[in-house]
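> Starting from these lines, generate the structure:
(chains A, B, C and D)
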2 protein chains.
Amino acid sequence: MQNARTFFMEKFRSDCPISCSLDVFGDKWSLLIIRDIMLRDKVSYSEFLGSEEKIASNILVNRLNVLEAEKILVKEVSPANKSKFVYSLTQKGLDLLPIVIEIMDWGAKYNANCPRKEIGKKIKKDKAAVIKELSRSLKSKIR
Amino acid sequence: MQNARTFFMEKFRSDCPISCSLDVFGDKWSLLIIRDIMLRDKVSYSEFLGSEEKIASNILVNRLNVLEAEKILVKEVSPANKSKFVYSLTQKGLDLLPIVIEIMDWGAKYNANCPRKEIGKKIKKDKAAVIKELSRSLKSKIR
DNA sequence: ATTTGTTGTTGCAAAACGCAAGAACCAAAT
DNA sequence: ATTTGGTTCTTGCGTTTTGCAACAACAAAT
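Numbering: from 1, shown residues only, chains lettered A, B, ... in the order given. Alright, predicted model coming up:
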């Protein structure tokens, strides 16, 4: 049995909250999965696998497992299809929404090749309102 | 000579602004360098190298080069010490501030081992005010 | 000339990633 | 019972990235 400090040290580089966050989702894929759930109504492995960025299946499994272990996502058998799993956000996962929105806004602002769609224009006009609205509609789906 | 589309494809996985952003700073180190500049008044290679997370020197050089190439940072000879370089944020780099603040807030909220310091408590109380205030004070230093 | 401070490089081992193929599992259809 | 189709997950293998340690390059100060 290891104490809390040992556990912490094995997992995190420092006690800086930014560093700790990046230890969890600081990679090129994790937040894209979160995006798919938050903004594209995707919920299953096969839907994530189909996204345009073409994540490899082994990487996807690994990231889903990490996000589940971190209690950002919850995995359940689909009510509609018993041979399928669906992933839902937890409150902790939903709280990533402001980060995702800010990243989207920055990316749209500085990439001519990333045309703002409806959501992007709304963000540019009133970011707080978009976060509030989305947060409200996602709230009803959290586990 | 390649056209813009080819250039874009070689660099980015898709035209999603979130994906494009992660293509630039989606790793465990880039935003820690930005944090050091924004919140800890660090400006030089040796100062970044000294941070508690202990980045390797080759990784640091690589990330600084990427951030400079992306026009997030600007590298100049130090006015005070001619054998030293200092890195400054550009407007594009400064615009990462809301992302950094949101990540810090999330990390502090969900890690018992990341006690909120003064800045963290301010963020919890009034996030927008902190961003506004910091943005204002950093604005005078951008290149 | 030597020392000191700062930035950057190199070699090598370990870890993570990307890709392709296919295995495991389950449910529904035949 | 067997097959089919859909979904999830694993494996092998080559590539890329990372981490680590030592050290090289350079300029300024002594």
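
> close to chain B, is the worst-scoring helix or strand of chain A on mean pLDDT?
In chain A, no helix or strand scores lower on mean pLDDT, DSSP states H and E than helix A:4-11, which sits at a mean of 78. Yes. Applying Cβ under 8 Å from any Cβ of the partner chain, one finds helix A:4-11 touching chain B at A:4, A:8. Glycine gets a C-beta too; all of them are placed from N, C-alpha and C.

> Next one: that helix, is it in contact with DNA strand D?
No. Helix A:4-11 does not reach DNA strand D (Cβ under 7 Å from any atom of the strand); its nearest approach is 12.3 Å.

> then that helix to CSV, C-alphas only?
Provided in CSV are the C-alpha atoms of helix A:4-11 (Å, rounded to 0.1, in the frame of the first residue of the first chain):
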residue,chain,number,x,y,z
ALA,A,4,-1.2,9.5,-1.3
ARG,A,5,2.1,11.3,-2.0
THR,A,6,3.7,8.4,-3.7
PHE,A,7,0.6,7.9,-5.8
PHE,A,8,0.6,11.5,-6.7
MET,A,9,4.2,11.5,-7.7
GLU,A,10,3.9,8.5,-9.9
LYS,A,11,1.1,10.1,-11.8
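
> For it, what is the distance to the chain centroid?
Centre-to-centre, helix A:4-11 and its host chain are 24 Å apart (Cα atoms, centre = their mean, to the nearest Å).

> Next, the buried residues of that helix.
Of the residues in helix A:4-11, A:Phe8 count as buried by neighbour count, 16 or more other Cβ atoms under 10 Å in any protein chain shown.

> And stretch A:49-60, by the same measure?
Judged by neighbour count (16+ other Cβ under 10 Å), stretch A:49-60 contains these buried residues: A:51, A:53, A:55, A:60.

> next one: stretch A:70-77
For stretch A:70-77, the neighbour count (16+ other Cβ under 10 Å) marks A:70, A:72-73 as buried.

> Tell me the pLDDT of A:Gln2.
A:Gln2 carries a pLDDT value of 67.
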